[in-house]
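# Return atomic coordinates for the entry below.
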Amino acid sequence: MLALPALSYSMLTAQDNESESNEVFELPPFSVTTDEDIGYMAANTLSGTRLRTDLKDVGSAVSVYTEEFLNDVGATDSQSLLTYAVGVEVGGTFSTYTEGGGGSTIDEGARLPNPNTSTRVRGLAAADNARDYFISRIPWDGFNIARVDINRGANSILFGLGSPAGIINYTVIEPQFNDLGKISARVGSYGSTRMELDLNKELIDNELAVRFAAVSDKEKFRQDPAYEDDQRWFGAIKYQPDWFKNLGGVTQIKANVERGDVTANRPRTVTPVDYITPWFNDPLSDAELEQIANATSIDDLPRPLNQLMGLGQQTYTPFQLEDDYSELPNRGQRRATYTSGDPNPYYNPAIGNFAQVFGGPIAIFPDHTSGEVSRYYMSEMHNVRGIGEDGEIDGGVGFPYNRLGGVAEYRNFATQIGLPYAEYGQYKNFHLQDPSIFNFYDNLIDGPNKQEKQDWTAYNLSLAQTFFNNKIGFELSYDSQDYYEERWSMLADQRVALYIDINSELSDGNPNPNAGRPFVSDNGQYGTYSLDESRDVMRATAFGEFEFNDVMEDGWLTKLLGRHVITGLFTRDEFENDRRSWLLYGTDAAYDSYVSAEGEYFNGNDNVRLPNAVVYLGDALYDRSTASGAHVPNPSAWMTMGSGQLYNFDSTWNATGVDPAAYWQNTWNGDDSTQSENPANYVGWSNYDFTPLYSERDGRTDLTTSADLTERQIDSKAGVWQGYFWDGAVVTTLGYREDTVKTRGFRPAYRYDEETGDVDEPWLNQIRDVRSETYTLDGAEWDPSITDDSLTKGVVVHINDLLNGALPINVSLSYLDSENFNPSQARTNIYGEAIPFQSGGTEDYGLWLSTKDNRFSFRVTKFETTLQNASSTAITGNWFLGAVMAWGGNWANVFEYNIDGNGNTFPDDTEPGRYNYSPAAGETQEQAAAREQAAIAGFRALQDAVDPRYWDAWSLDKNATGQNQAASAPQNFSITEDSVSEGYEFEFVANPVPNWRVSLTASKTEATRYNVGGTALVDFVETVDTALNETPAGDLRIWWGGAGNTTTLREWNANFMGNYNLKKLQEGTSTPDIRQWRFTLVSNYSFDEGFLEGFNVGGSYRWEDEVAIGYPLMEDADGNITYDIDSPYYGPSEDFIDLWVGYKRMLTDSIEWSIQVNVRNAFEDEGLIPISVQPDGKTWAAVRTKPEQTWFVTNTFSF
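The predicted structure follows:
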């Protein structure tokens, strides 16, 4: 209470003093000023406390990249700037960082829609991106950016911006009280162009100004036909009336609007998966197979790892590959054992599936230049109208099972053949490393069949009012952002790959005209994504400043007590988003009826319903002895699926005078049968009128497989106290923040459900109902609100100020202890329950040295930053967490209730091979039947053991008796991990002479992660893995009952557990793709006299340490397999040089012309950087392309 009259007196005194000094007023402290910035050296920031504060008084690790720095290096976006930033990594073509590295598979698809978010700070997690300290997904562009501030580590004061990893904030330009303008044009590598316009007009002297800026950036890349087309405009107004001038007040009203859209087909940095090279390798001999079977280490293997998979350029028929019945020579290459249980000597685990084709139609594009389908072909026969010997439909014709084959994934090959340590997920898929096979430097594997889009509108309005010369004040601001992003791609995940067709015949028995040809293919199920997001934020900030020398006589006591600033903040952040994914290709009700038994249906996303695009690239490669030198082209046309004829076996009986019960000997296997099974008695191979659905032509409503609406409201309040003791020699900061978050969400039902759905639309089962009248948050209940708080404590001590300037340089020490949590993420665990917010903390110790004229500044920060419950991309195969129980439940039902392929229960022995176990080696049929019953009982026990919360979370019914259950992940399902990072950051900025700029930064980072998966996931995985490995549940067969069929255990290990084991073993090791040391030097010199007057020259040097890409396995003292974390496998270090030269001169008294030539990554040629390594430590698995030399020339006219 005593402070209030003193504060009032302080304000009045300040007013009187100011009135005596020509009424010069400071600007409100709610925005930064660039007037004091010199070269690369910024003077103040908002990142420390949300009020403008001198950088030297901020204890947190803040780096500011000024407009001059951005112009020198030619940075126009996040990717081109953050390659120079200390402690920060960014994905894309300019860098060496690949998000999601270190696993058995690599997929960079998540980066492509918004590269702006593909960052990592201190080796931990992505930073929040902010636009004037309002969280934003809008990708920034230099056309309207004044500067970029990066705050590394947690900062609880910056409420509403919660990533404990840090914040990347870009400050937009604002109107100035003078007339100015700028027009610039840039041309660059591969035909890139960029045009910028910036116009500022003062309308009322020192009171009202407006500004308009626009950019058209059309960037091209070496990979053809990759591009990015960026169109934006920005408008702003600033009004600064003198309403409260007599109270020493400044009023400032600002508003701005930005509109932009980006259309792109961005380049891929990770090379395609290699499914072509193994076709040329020799098959393993019997002696080599025996050597592998006896191998206990990788050194015992007969060949290098990249030569183990081999097919010897052999081709196969679909019937031959799947024949586990006849036991004829050279049959059943995809079956480890015969149905009799005997081992199959012809089994070759190097043979896998034909791309993603699992029974659906194939759309054949005959070459890379044609965008039209030449033929639709049904990959497998669906004999749903076949009859039995009684003349009634039983859904069968006497064809043996058949399926097209292809080259297997290497990780699955390693598991199937039993390479040492394969059960721990050590083997990774190989990616192409020879550009003479496919030139991944020059060509985008997708061709034009991939697209990313972004679209946004942003508004910001603020009113700032101060009184008594910034002694007190407030700011009211409103920020609104509507943002949309999407991507669709013909190829996704491990199908971003180059295949070769190994099928000599098709299912109709005719020769395959495309045998031996390379191709790309996928079914469009996983390459789509959209996010529609709106955010409205209201923020109030108020502050008051008190100085003791305003109420006390000057003396040591007032000097000691100094001045103090208290800031209060309140925010309401209302956020909605709509996330969806959909099938790129699909089929309609007529097709579903055609391939389904009467009264039955296939789910909308069933493989039988999904057309597969198969694009052949070049001629057959039979005449080659190696894939090297094949020079396979990429697709050059947009592949669209239009109406056509689907070539298919029509199982309609059309034989007249033929008795279905009459004798017929099956020509495929020699078995005695009846005429009802004779294909000659059916319509047979014929054409069916076929029109597939294509989402980009026919709309996405009937193809949407995933949709979630989320609304979140965050109320935040914070208080900050800054104390400036001993005339600012000691600066303390204490901040407290409290956030209350409430969330609600809605996931639409399927368009058809067996119990509650629209019975007229069974073909739309597994398709989410996103029709506008039903897809809404209206009626959705709010989850219980969650409140949490966090604290920041910091101090900066300016030693030289304490010593009255006795030292020859300024020396400052700083300490920051800050915690934070991210309230903007709503996530659920495997049981559908809310995951605690991502949280973390940081401890920073700083030393800051500077010359007294501030021309040289050096800062070193020792940090330890922790993250808890961070979203993790470490574990792949998450879809199988649902599929393991869905598949297992479906097939347990098939075997228990004898369900045939048409859904009939307890049929009269129509498909015994489907729902009865065949004997394994040495078994009788009775023993096989007992084994079947044990497997069913074991899986039922597993179903009972699984936590009951799981079933609702994954939309599964434990008690279902059918065969068509499909799992759906919980809304906002996420896997988490904890991590810790320790290290040092060094920053040196100098202006040795007025026209010479220098920036030198370095960082040492050691980041490790632990608790990967979180408690709930570990609980579920332990339950399932124990049951599958230690009970008969793991022996439950999938896809029929033959002894050679796969099992729940095999599928579990192949799809999930192998990679899970890998990631659990990696706990305590370095975060993937982490480089311990990084070093960056940037310098520019401008000549201001002599014959070089007007010229400037500059450059940068960037060095990155070698990168840990794997670890050897070892056996610990208890006999457990673990990693030898002290002996990592390293990829090479990298270094890059940038150069630039410029010239400027005055063309007239008011027009300045400048030109600058930048060469980025000078002298760099094409090359590869390893992302992961096979367990031998020397064979690269996944690789990415190295940043290469590019150039651009920028002409600018300023006036």
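# and the longest helix seen in the chain, what's its mean pLDDT?
Secondary structure of the chain per DSSP state H: the longest helix is helix 925-945. In this model, helix 925-945 has an average pLDDT of 92.
# tell me what it is packed against?
helix 880-897, helix 1014-1030 (3 or more C-beta pairs under 8 Å, 6 or more residues apart in numbering; DSSP states H and E). C-beta here means a position set from N, CA and C on the backbone, and glycine is covered the same way.
# what about 6 Å?
Counting contacts by 3 or more C-beta pairs under 6 Å, 6 or more residues apart in numbering; DSSP states H and E, helix 925-945 is packed against helix 880-897.
# Could you give me the buried positions within the helix it packs on?
880-896 (16 or more other C-beta atoms under 10 Å).
# still on that earlier bit, mind listing what's buried along the longest helix of the chain?
So for helix 925-945, counting by 16+ other C-beta under 10 Å, buried means Ala928, Arg931, Glu932, Ala934, Ala935, Ile936, Gly938, Phe939, Arg940, Leu942, Gln943.
# Look up which helix or strand the closest residue to Trp721 other than its chain neighbours falls in, please.
In this structure, Trp721 finds its nearest non-sequential neighbour in Leu734, 4.8 Å apart by C-beta to C-beta, 6 or more residues apart in numbering. Assigned by DSSP states H and E, Leu734 belongs to strand 730-746.
# What residues sit buried inside that strand?
In strand 730-746, residues buried by neighbour count (16+ other C-beta under 10 Å) are 730-733, 735-737, 739, 741-746.
# what's in contact with the helix or strand just after the longest helix of the chain?
Downstream of helix 925-945, the next assigned helix or strand under DSSP H and E is helix 949-953. For helix 949-953, the surrounding residues in contact (C-beta atoms under 6 Å, 6 or more residues apart in numbering) are Tyr831, Gly832, Lys958, Pro970.
# Starting from helix 949-953, tell me the next helix or strand along the chain.
strand 976-990.
# who touches that next one?
In contact with strand 976-990 (C-beta under 6 Å, 6+ apart) are residues 40-41, 86-87, 122-124, 856-862, 864-870, 872, 998-1007, 1009-1012, 1014.
# So which of these sit within helices?
Using DSSP H, the contacts of strand 976-990 in helices are Gly1014.
# Give me the buried entries from the contacts of strand 976-990.
Buried among these (16+ other C-beta under 10 Å): 40-41, 86-87, 122-124, 856-859, 861, 865-870, 872, 998-1005, 1007, 1009, 1011-1012, 1014.
# Walk me through which strands the strand holding Leu734 pairs with, and which way each runs.
Applying DSSP bridges to the sheet, strand 730-746 is found paired with strand 704-725 (antiparallel), strand 786-798 (antiparallel).
# would you turn those strands into a markdown table with distance to Pro762, mean pLDDT and mean neighbour count?
Below are those laid out as a markdown table (distance: least, C-beta to C-beta, whole Å; pLDDT from 0 to 100; neighbours: other C-beta atoms under 10 Å):
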| stretch | distance to Pro762 | mean pLDDT | mean neighbour count |
| --- | --- | --- | --- |
| strand 704-725 | 16 | 93 | 20 |
| strand 786-798 | 41 | 91 | 19 |
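# For Arg411, find the nearest of those strands.
strand 704-725 (25.6 Å; C-beta to C-beta).
# Dump the closest one to PDB, restricted to CA.
Extracted as PDB, the C-alpha positions of strand 704-725 are listed here (Å, rounded to 0.1, in the frame of the first residue of the first chain):
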ATOM      1  CA  THR A 704     -12.200 -39.700 -45.900                       C
ATOM      2  CA  THR A 705     -10.700 -42.300 -43.600                       C
ATOM      3  CA  SER A 706      -9.700 -40.100 -40.700                       C
ATOM      4  CA  ALA A 707     -11.200 -36.900 -39.300                       C
ATOM      5  CA  ASP A 708     -10.900 -35.100 -36.000                       C
ATOM      6  CA  LEU A 709     -12.300 -31.800 -34.800                       C
ATOM      7  CA  THR A 710     -10.600 -30.100 -31.800                       C
ATOM      8  CA  GLU A 711     -11.500 -27.000 -29.900                       C
ATOM      9  CA  ARG A 712      -9.300 -25.700 -27.200                       C
ATOM     10  CA  GLN A 713      -9.500 -22.600 -24.900                       C
ATOM     11  CA  ILE A 714      -6.500 -21.500 -22.900                       C
ATOM     12  CA  ASP A 715      -6.700 -18.800 -20.300                       C
ATOM     13  CA  SER A 716      -3.300 -17.600 -19.200                       C
ATOM     14  CA  LYS A 717      -2.100 -15.100 -16.600                       C
ATOM     15  CA  ALA A 718       1.300 -14.200 -15.700                       C
ATOM     16  CA  GLY A 719       3.300 -11.800 -13.600                       C
ATOM     17  CA  VAL A 720       6.800 -10.700 -14.000                       C
ATOM     18  CA  TRP A 721       9.000  -8.600 -11.700                       C
ATOM     19  CA  GLN A 722      12.300  -7.200 -12.800                       C
ATOM     20  CA  GLY A 723      14.500  -5.500 -10.300                       C
ATOM     21  CA  TYR A 724      17.400  -3.300 -11.400                       C
ATOM     22  CA  PHE A 725      19.600  -2.900  -8.400                       C
END
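# how far does it sit from the chain's center?
Remark: strand 704-725 is offset 23 Å from the chain centroid, using C-alpha atoms, centre = their mean, to the nearest Å.
# following the helix or strand containing Trp456, which helix or strand comes up?
In this structure, Trp456 sits in strand 450-467 according to DSSP H and E. Using DSSP H and E, the helix or strand that directly follows strand 450-467 along the chain is strand 472-489.
# partners of the following helix or strand past that following strand in the sheet?
Next helix or strand after strand 472-489 toward the C-terminus (DSSP H and E): strand 497-500. Sheet pairing here is set by DSSP bridges, and for strand 497-500 it gives strand 273-274 (parallel), strand 518-522 (antiparallel).
# Show me the one of those that comes nearest Leu247.
Comparing the strands paired with strand 497-500 under C-beta to C-beta, the one sitting nearest is strand 518-522, at 67.8 Å.
# The helix or strand Glu533 falls within - contacts with which helices or strands?
If you go by DSSP H and E, Glu533 is part of strand 528-547. Applying 3+ C-beta pairs under 6 Å, 6+ apart, we find strand 528-547 packed against helix 3-19, strand 472-489, strand 563-582.
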